[in-house]
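>>> One predicted model, sequence on top.
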Amino acid sequence: MQTHALVTSLVYISIAFASFLPGSQVVLNDPPPGSPAPESTLKQASEIIHTSQSFIQHDGIFYELVRHPHFADHQLRITEPSLCDPSVKQYSGYLDITDDKHLFFWFFESRNSPKDAPLILWLNGGPGCTSSGGLLFELGPCSIADGGHNVTFNPYSWNTHANIIFLDQPVNVGFSYAKDGNSVYTSQRVARDVYSFLELFLNRFPEYSKQPFHLATESYGGTYAPHIASVIYKENQKATLMSSSLIRINLASLMVGNGITDAYIQVPSMADYFCEGPYPMFDNPDGPECTALRAKIPKCKSLIHILTASVMNPYDARRHCDRKKNGPRCYEEIGWIEKYMNKPKVKAAIGVSSQRQFSLCNDDVEKGFFLRGDSIQDTPALLPELVNNGIRLLIYAGVADMVCDYMGNERWLEVLPTKFLDEFLDTQTDVWITTQSKKPAGTVRTAGGDGTRAGNITFVTVHEAGHMVPHDQPEAALDLMTRWIFDLPLVTDGSPGYL
């Protein structure tokens, strides 16, 4: 996110880092929550799609068209690319929404045992930043390289043991668009659109609905995720009564990295992080700057300007940021992503019109969310019902991140009113050792699981990592994700229990 956007985010008490067949389309052929969908439901869903399978041509690109009677306002357009990691099955395309909004997605099958692999939906934050940033800079099958001219194989991709979808949302983010220029500015609307996408995708590909589903987000995704999970949970409860063709999405957990979920608690923690954290911004924790920060948090705008105007990297306190060399987001490689995604051959391969322009972040979308107060609603209030009914919650944070610091993330978990709260408050912090390197990667604090599982509420700090943990510590991030989705304990002797 650009420097001025970071300031805007802080001002609004949040953090930086969704018509059927328009005229250009041509139609060619027209159990309880947390449990896997029954085989009978999967079979019925698959039959509904395949008996009415159709294809369309849109802007010269051929897509398979997926519709569902329960989602009259949505349809799915699908292509099959082979970029990034040609060794795995891929799907990409768009969710079309009747008010002329279109969400881009890109799916990669697991490199190992895809039929048995859990399904992950990855969402970047912003609000207003593309999930292609996560794909190409953090945890996808390939990594941006050579100034944006090429990509390279990522051995630490999260599709090593999981099927994964990257979704650009809300609209006007990445390759997602709205022809009328309108956008989406609330997490509630985001949640409805994401749920519709998942239902259409899993009805078309029911083989991916048999395993647990994990919602993984970063940054402002900490606000998106509870809303999305809440909609999935409630719709799962309705599914049996409303239609046997609906798939109960097997929601197993939420995974939030360096997120902003409870602004009321997290934003004040910035004063403590800047003054007394592992990478203090000010030399004297009792000096005038820190005193002013603690005395009146809203005045932090002027003080934060010191940070954004300096050579410090707000996303990683260990590093300097040369904005002339590395760009406004402090990472030169992030700028390469725009160059790569705007290459004509890339667009053609993933089912994107040659006229569509890709951008990493949309500041207008961000401002729209903040002006509507999306970041200061009581998002954590959505979580207790989910957690108390078996949906697990993982919050992890790189300790060098300034904008969504680990202190604030731990503090809001310490007041989240679930049946695991007392245990979480009493539990000891343990060392987390990765399976491959067998070196300490961070700390773990967990409740539930009895030491034999990953836990029901788990907080993890990641050493030597900033805002984007999978980029800074790829081996550790893959280890954490893999243990979590297979519900294996994070505190072990490093034995490869899932291999």
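Perfect, I can see it now.

>>> how deep is Phe55 tucked in, by neighbour count?
Neighbourhood size, Phe55 [other C-beta atoms under 10 Å]: 15. In this view, the C-beta of every residue, glycine as well, is placed from N, C-alpha and C.

>>> Pairing partners for the host helix or strand of it, with directions?
Assigned by DSSP states H and E, Phe55 belongs to strand 54-58. Looking at strand 54-58 with DSSP bridges, its partner strands are strand 25-27 (antiparallel), strand 61-66 (antiparallel).

>>> contacts for the longest one?
The list of residues contacting strand 61-66 from outside it, by C-beta atoms under 8 Å, 6 or more residues apart in numbering, reads 27-28, 49, 53-57, 75-79, 93-94, 200, 203-204, 348, 351-353.

>>> Buried residues of that strand, list them for me.
By neighbour count on 16 or more other C-beta atoms under 10 Å, the buried set for strand 61-66 is 61, 63-66.

>>> Quick one: the helices in the stretch 301-450 of the chain, in order.
323-326, 332-341, 344-349, 363-371, 383-388, 406-413, 421-426 (DSSP state H, counting those that start in this stretch).

>>> ok, of those, where does mean pLDDT dip lowest?
Here the helices of the stretch 301-450 of the chain differ in mean pLDDT, and the lowest is helix 323-326 at a mean of 62.

>>> circling back: quick one: the buried residues of strand 61-66 as JSON lines, columns for pLDDT and distance to Asp378 too.
Formatted as JSON lines, the buried residues of strand 61-66 follow (pLDDT from 0 to 100; distance: C-beta to C-beta, whole Å):
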{"residue": "Ile61", "pLDDT": "91", "distance to Asp378": "43"}
{"residue": "Tyr63", "pLDDT": "95", "distance to Asp378": "40"}
{"residue": "Glu64", "pLDDT": "96", "distance to Asp378": "41"}
{"residue": "Leu65", "pLDDT": "96", "distance to Asp378": "39"}
{"residue": "Val66", "pLDDT": "95", "distance to Asp378": "36"}
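
>>> Are we agreed that Ala239 is in a helix?
Yes. Ala239: assigned to a helix according to DSSP: H, G, I helix; E, B strand; the rest coil.

>>> For it, which non-adjacent residue is spatially closest?
Using C-beta to C-beta, 6 or more residues apart in numbering and skipping residues adjacent in sequence, the residue nearest Ala239 is Leu246, 4.3 Å away.

>>> Just give the number of residues close to the one you found.
Leu246 is flanked by 23 other residues according to other C-beta under 10 Å.

>>> Same question for Thr160.
Neighbourhood size, Thr160 [other C-beta under 10 Å]: 18.

>>> Hmm, Asp479 and it touching each other?
No. Contact criterion C-beta atoms under 8 Å: Thr160 and Asp479 do not qualify, at 10.4 Å.

>>> Report pLDDT for Cys275.
Predicted confidence (pLDDT) for Cys275: 76.

>>> how much space between it and Thr434?
As judged by C-beta to C-beta, to the nearest Å, Cys275 and Thr434 stand 31 Å apart.

>>> try Ser113
21 Å.

>>> So between the two, which is more surrounded?
More neighbours surround Thr434 than the other of Ser113 and Thr434, with 20 against 9 (other C-beta under 10 Å).

>>> How about the contacts made by the more buried one?
With contacts defined as C-beta under 8 Å, 6+ apart, the neighbours of Thr434 are 441, 475-476, 479, 494.

>>> Okay, now the unreliable bits of this protein?
Applying pLDDT under 70 to the chain flags residues 1-53, 181, 240-244, 262-271, 273-274, 279, 281, 293-294, 296-331, 493-499.

>>> if we can go back for a sec, just the buried members of the contacts of strand 61-66?
Buried subset of those (neighbour count, 16+ other C-beta under 10 Å): 49, 56, 75-79, 93-94, 200, 203-204, 351-353.

>>> quick one: which of these is nearest to Asp378?
Relative to Asp378, the closest of those is Leu200; by C-beta to C-beta it sits at 30.2 Å.

>>> Roughly how far does that closest one sit from Asn258?
30 Å.

>>> if we can go back for a sec, to Leu254, which of the helices of the stretch 301-450 of the chain lies closest?
Here helix 383-388 is closest among these (C-beta to C-beta), at 7.6 Å.

>>> Buried residues in the closest one, which are they?
Buried positions in helix 383-388, judged by neighbour count with 16+ other C-beta under 10 Å: 383, 386-387.

>>> Then stretch 203-217?
Neighbour-count burial for stretch 203-217 flags 203-206, 208-217 (criterion: 16+ other C-beta under 10 Å).

>>> His463: how many residues sit nearby?
By other C-beta under 10 Å, the residues close to His463 number 17.

>>> my guess is it meets Ala441, correct?
Yes. Using C-beta under 8 Å, His463 is in contact with Ala441, at 6.2 Å.

>>> sorry, back to before: out of the buried residues of strand 61-66, who's nearest Ile165?
Set against Ile165, the nearest of these by C-beta to C-beta is Val66 (14.4 Å).

>>> Just give the closest residue to that closest one, not the sequence neighbours.
Leu76 (3.9 Å).

>>> Surely the one you found is in contact with Phe205?
No. Between Leu76 and Phe205 there is no contact, the gap being 10.2 Å when judged by C-beta under 8 Å.

>>> check contacts around Val387.
With contact set as C-beta under 8 Å, 6+ apart, Val387 has these partners: 393, 416, 418-420, 456-457.

>>> If we use 7 Å, what do you get?
393, 418, 420, 456-457 (C-beta atoms under 7 Å, 6 or more residues apart in numbering).

>>> Looking at those, which are in strands?
Taking DSSP state E as the definition of strands, those contribute 393, 457.

>>> No further questions, thank you.
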